[in-house]
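>>> Pasting the sequence and the predicted model now:
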Protein chains: 4
Amino acid sequence: MQYRTDLAMERVTDGISIPGVRMENASLGDFSRNIVTIETDEAARQLQKAKGRYITFHTQPLKTLDAVAIGEFSKLIAGSLKHLLPPEGDILIVGLGNRRITSDALGSKVTDAVLVTRHLKDVLPQSLFGRLRGVCALSPGVLGVTGMETKDIVRGAVMHAKPAAVIAVDALAARECSRIGTTVQLSDTGIQPGSGVGNHRQGLTFETLGVPVISVGVPLVVYTSVIVRDALHLLLSDMEESADEKEAAADSLSRRITAEELGEMVVTPREIDELVTSLSNLLALSLNTALQPGLSEEEITMLTHETL
Amino acid sequence: MQYRTDLAMERVTDGISIPGVRMENASLGDFSRNIVTIETDEAARQLQKAKGRYITFHTQPLKTLDAVAIGEFSKLIAGSLKHLLPPEGDILIVGLGNRRITSDALGSKVTDAVLVTRHLKDVLPQSLFGRLRGVCALSPGVLGVTGMETKDIVRGAVMHAKPAAVIAVDALAARECSRIGTTVQLSDTGIQPGSGVGNHRQGLTFETLGVPVISVGVPLVVYTSVIVRDALHLLLSDMEESADEKEAAADSLSRRITAEELGEMVVTPREIDELVTSLSNLLALSLNTALQPGLSEEEITMLTHETL
Amino acid sequence: MQYRTDLAMERVTDGISIPGVRMENASLGDFSRNIVTIETDEAARQLQKAKGRYITFHTQPLKTLDAVAIGEFSKLIAGSLKHLLPPEGDILIVGLGNRRITSDALGSKVTDAVLVTRHLKDVLPQSLFGRLRGVCALSPGVLGVTGMETKDIVRGAVMHAKPAAVIAVDALAARECSRIGTTVQLSDTGIQPGSGVGNHRQGLTFETLGVPVISVGVPLVVYTSVIVRDALHLLLSDMEESADEKEAAADSLSRRITAEELGEMVVTPREIDELVTSLSNLLALSLNTALQPGLSEEEITMLTHETL
Amino acid sequence: MQYRTDLAMERVTDGISIPGVRMENASLGDFSRNIVTIETDEAARQLQKAKGRYITFHTQPLKTLDAVAIGEFSKLIAGSLKHLLPPEGDILIVGLGNRRITSDALGSKVTDAVLVTRHLKDVLPQSLFGRLRGVCALSPGVLGVTGMETKDIVRGAVMHAKPAAVIAVDALAARECSRIGTTVQLSDTGIQPGSGVGNHRQGLTFETLGVPVISVGVPLVVYTSVIVRDALHLLLSDMEESADEKEAAADSLSRRITAEELGEMVVTPREIDELVTSLSNLLALSLNTALQPGLSEEEITMLTHETL
């Protein structure tokens, strides 16, 4: 509960130089990339994030990008995603979250929009199908809606579809509002319990599913309690107070506000509906590019419509 | 392809007295009930429907019913449904069809609206949970959207959730327009391949899932080709023609029209969106009543909201 | 009620050479164009369509077109539309129909998607605003939802916005299923009473609004009764019967079927939801191209997002 | 900008006893009611709210209420609403806000759900129509979507429909998170410029429309900047600091945070989608009860369905 951010890079920034954690930043034209590698169990424990790589891309707000820039950003994401995936074999894309809650609907909207091909073997001519990677997609719904752990539904699908890897797409919580809708985090660690806007009780990982799980996430909310705590920290750091007095004040206030009224509240942009739609299109484009290198953009578009 | 109706009662009406088929009709106040029992393999082959019981309820159009009448109709359905289910054990409700196509979205809308309880064991007080039947729900999506056979996704969920039975909810095709949205068919035979608006390639049955499968379906479309053929038949039966001439004319015309232009067209009421919403609420009410006899209506309503 | 098609070209085809009606056909690569000009009051009365020009574009099903072809089709429509509009002055786009009924939602979805600029005068730099045509948009809702005649709501908006012309976008009924979603009809006659999927009681015309009204429509339904009647006509034309016997049979049957069960039923493709979305994007693109010749495609895209 | 709340009662609470402002509180079983009356221009200026009455109802979160309690709450609201309306004449309900932004969609969802009757004069039997009040409804859309001031579209409709009064329904901003979805404010002052989630540029008032305007609003967001400022105030009031130091710290921090990152962010519950649906049903029920005292609940339900 301490962090309430799903972005590895935001956790690391807090604690600057942690042994067992490597961090690289790169500026890529209008975009930037950050790679956090958590190498030791101790570092994982300290950051409360699984060991592995977290690749984060950052952009200006999507609505300020034109079609060309969006294409470039999606190619950047697709490039990294391709490296994280096994070179061959079918892929199962799992859209996490609750499609009836706008800020949690990213995962299911991506599965709605992505090109699904696994069932086309018998339908398409070999000249086309030979260039396709088999992709299937599932949006299982959250525990409160299905009564079943997401992990259990996905395990069943993995057992029958036998993919080489799973890509799990999810809406995330961040610490900073400026990350909402502008940051895409890829990771080879899967989805951890307690993460995501919908707070998954059980994880989707190599351990639970038996195949590699690549996660793709975008921050869409900030918990209101985080905003308040950060504001207080900032205020106190400005004041010439004794450390003890500061802590006492901040602690008591944080607790009071959070308990009394901010419990489940989240901060989002007012235009969250539009934002989630833009993001799901961006991610579908990234996934299609990463998964179907043998197809042209036109072929992808046409196949996507036909498969509905 | 001959029938293009998923209603057992419409197939039987065609061929009047078929050996191995029993049929009962009952008038129940403003509603009526029809039970078709297919008892022999030969009858099943002839009607192209699985052996078993098909219980069909009929009502006036829903929009002409007030809240009391809708409550009565839902209780009628709930009563029959309860008899078809095993007396104890968890139930998995599967919403079939494509939620992005209005006329095929009934199944997923019902799973959205039904009370799901299986995950509440740890959360609710024993005084309440002791009166609940464990219910979970899944809306897996259609083959074109997931790339996986529905049957395979459901099998995985059955394996982990271990329900005593599955209830599969689906939109159906009928032969007569007057059946659209006014008829509810229950059956103990599960879902057969090729049935439903979305035309399932593989069935959901005791054989494929290993537990009893009760199907709940409502006709929402009529194939246009059926309308045309029926119109022609009716016309020809009125005319004093030789049988040969009639057949020749009807056959050639049917084939021409269907091939050239009516291929995938369906007949629906213009208000199909509103109708599907009303029906999914009706069925959710019926399911909740059948599955939660220990709860009052108020408790059901409150729990349904809380579980989102 | 005789025709039940809103396409002028389908009415003319029925009655071949009518005095006072001119018809031109052109093949334009993968697309075709038909222009019907109704020149006399007598012809208008006979066809039950207002005097004026009806320009109809036809394409293969949209889902078989790639992005380039869709761009070309939209430019074709935009070119004709531009000729029908006054060269200067603001434009009010009116989206007709009921947004809660999929087959009738085209108009409101187009107003949702089109670039609206009239309010940006104070916000945009003159360098940009100088190249913009002022566009406003309204989706008033149907009589059953508002309790007011559409015409009256639009008249009020015209009075305050003072546009040089109105463009009214609406879903239409056709006679042939192959027209659904593949045909776009432009006209300089406005919207006539009784037309459209939603059956407007009062028209939107120069007479009622005081400014030119250009209509843009796409067929999305065929009335089931039309299918049946056409099937019967076709059948009877094939038979060697006396004319009297034919008429008697067809009339009695048509009346029986239509009255008893097909009343308000319509024929649509199952994928109507997806189709309406594609069409509204196509028309928004056509409208933007016709209305904003001073802007590049990128500028249009960016402004559309910003104005939400 | 100082207040950023649309609730009169939250403004008054800030400044305790203001001359020219009367305030009454009542506890009504499970609910409470607060009436603020702003009687002088000076008080109106100080509170930045128009002169008039603001009646606020408060409830526990809707999802904890059963159907009976929701019925009672809606009757409470209906009772006050009826007193604010002229006893006779047609009523125009205007749903404000942007239907494509969940937190701003309350107004348009209420107009979708309310019983509209004005057009039924010719259709219904006199025995029924004689008991109906004429109601029409309009959801004009926001400036960014229509390019026209809401006020101008509504004025046109008022001119043609000639209602005795307008009821304007809108989503509001509050200061306290606990008000979101639990408070309903009625007022006889209409809608003021700059209020509502969508920030109307021009008001809907007796002055602009020429008929009385009753507003009905529910808080659905809190501005993030308000949360931060309130947290800081609370913190500073706890500390033994000089007043000057406090002010300096709070001011500089508020400005920094708000400018840098919280600009347009809002605080909402994660379940805002579900909440808006529940609220629009509640308000539609309240409006129907207030407007149609001659009808039973069953008649209202049936007419609502028929008028779609």
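Cool, got the structure. Numbering: from 1, shown residues only, chains lettered A, B, ... in the order given.
>>> so whichever residue of the stretch 101-250 of chain A sits closest to chain B is in which element?
Of all residues in the stretch 101-250 of chain A, the one sitting closest to chain B is A:G156 (1.3 Å; Cβ to the nearest Cβ). Every residue, glycine included, has its C-beta placed from N, CA and C. In this assignment (DSSP states H and E), A:G156 forms part of helix A:150-161.
>>> what's the model's confidence in that helix, averaged?
Averaging pLDDT along helix A:150-161 yields 95.
>>> Show residues contacting that helix.
By Cβ atoms under 8 Å, 6 or more residues apart in numbering or on different chains, the list of residues contacting helix A:150-161 from outside reads A:90, A:92, A:94, A:96, A:118, A:136, A:138, A:140-143, A:146, A:166, A:200, A:202-204, A:208-211, B:138, B:147-149, B:152-153, B:155-161.
>>> Doesn't A:G97 belong to a helix?
No - A:G97: not assigned to a helix; according to DSSP: H, G, I helix; E, B strand; the rest coil it is coil.
>>> Distance check, it against A:L287.
16 Å (Cβ to Cβ, to the nearest Å).
>>> Next: A:I191.
With Cβ to Cβ as the criterion, A:I191 and A:L287 are 16 Å apart.
>>> For the nearest residue to A:T304 once chain neighbours are set aside, which residues are in contact?
Nearest residue to A:T304, sequence neighbours excluded (Cβ to Cβ, 6 or more residues apart in numbering or on different chains): A:L115, at 4.8 Å. Going by Cβ under 8 Å, 6+ apart, A:L115 touches A:V135, A:A284, A:N288, A:L291, A:Q292, A:I300, A:L303, A:T304, A:T307.
>>> what's the farthest-apart pair in those residues?
Largest separation among the contacts of A:L115 by Cβ to Cβ: A:L291 and A:T307, giving 13.9 Å.
>>> Who has more neighbours out of the two?
Taking other Cβ atoms under 10 Å in any protein chain shown, A:L291 and A:T307 do not tie; A:L291 has more neighbours (25 against 17).
>>> need the contact list for that one.
Counted by Cβ under 8 Å, 6+ apart, A:L291 has contacts A:L85, A:I91, A:L115, A:R133, A:V135.
>>> Which single one of these is nearest to A:E271?
A:L115 (27.1 Å).
>>> hang on, the earlier thing: looking at the contacts of A:L291, which one is closest to chain C?
Set against chain C, the nearest of the contacts of A:L291 by Cβ to the nearest Cβ is A:L115 (13.9 Å).
>>> okay but A:V21 is in contact with A:E42, surely?
No - at 9.9 Å, A:V21 does not count as touching A:E42 under the criterion of Cβ atoms under 8 Å.
>>> Name the residue in those two with the higher neighbour count.
A:V21 (22 against 13).
>>> ok, now which ones touch the more buried one?
Per Cβ under 8 Å, 6+ apart, neighbours of A:V21: A:V12, A:V36, A:T37, A:I38, A:E39, A:A43, A:L47.
>>> related to what we said a few turns ago, helix B:150-161 and the helix holding A:G156, what's the angle between them?
130 degrees (axes from the mean of the first three to the mean of the last three Cα atoms, to 10 degrees).
>>> Need the CA coordinates for helix A:150-161. PDB is fine.
Written as PDB, here are the backbone C-alpha positions of helix A:150-161 (Å, rounded to 0.1, in the frame of the first residue of the first chain):
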ATOM      1  CA  THR A 150      -8.900 -14.200 -13.600                       C
ATOM      2  CA  LYS A 151      -5.900 -16.400 -13.300                       C
ATOM      3  CA  ASP A 152      -8.100 -19.500 -13.300                       C
ATOM      4  CA  ILE A 153     -10.000 -18.500 -16.500                       C
ATOM      5  CA  VAL A 154      -6.700 -17.700 -18.300                       C
ATOM      6  CA  ARG A 155      -5.100 -20.900 -17.200                       C
ATOM      7  CA  GLY A 156      -7.900 -22.800 -18.800                       C
ATOM      8  CA  ALA A 157      -7.500 -20.900 -22.100                       C
ATOM      9  CA  VAL A 158      -3.700 -21.400 -22.000                       C
ATOM     10  CA  MET A 159      -4.300 -25.200 -21.500                       C
ATOM     11  CA  HIS A 160      -6.400 -25.400 -24.700                       C
ATOM     12  CA  ALA A 161      -4.800 -22.800 -26.900                       C
END
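>>> could you check the angle helix A:150-161 makes with the following helix or strand past it?
With elements assigned by DSSP H and E, the helix or strand that comes after helix A:150-161 is strand A:165-174. Angle between the axes of strand A:165-174 and helix A:150-161 is 160 degrees (criterion: the same axes, to 10 degrees).
>>> and strand A:165-174, which strands flank it?
Counting by DSSP bridges, the strands paired with strand A:165-174 are strand A:91-95 (parallel), strand A:213-223 (parallel).
>>> Reformat those as TSV; add mean neighbour count and mean pLDDT.
Below are the strands paired with strand A:165-174 laid out as TSV (neighbours: other Cβ atoms under 10 Å in any protein chain shown; pLDDT from 0 to 100):
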stretch	mean neighbour count	mean pLDDT
strand A:91-95	27	98
strand A:213-223	26	95
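>>> I'd like these as TSV, with distance to B:S215 appended.
Shown next, in TSV, are the strands paired with strand A:165-174 (distance: least, Cβ to Cβ, whole Å):
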stretch	distance to B:S215
strand A:91-95	27
strand A:213-223	35
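>>> who wins for neighbours among the contacts of A:L115?
Highest neighbour count within these: A:L291, with 25 neighbours (other Cβ under 10 Å).
>>> Leaving out sequence neighbours, find the closest residue to it.
A:R133 (5.1 Å).
>>> and that neighbour, what is it in contact with?
A:R133 neighbours (Cβ under 8 Å, 6+ apart): A:D90, A:I91, A:T117, A:L291, A:Q292, A:G294.
>>> Could you look up the SS state of A:T56?
strand.
>>> and the residue most central in space within chain A, bridged to which residues?
Taking Cα atoms, centre = their mean, the centroid of chain A lies closest to A:G217, which sits 0.8 Å from it. Beta bridges link A:G217 to A:D170, A:Q185, judged by DSSP bridges.
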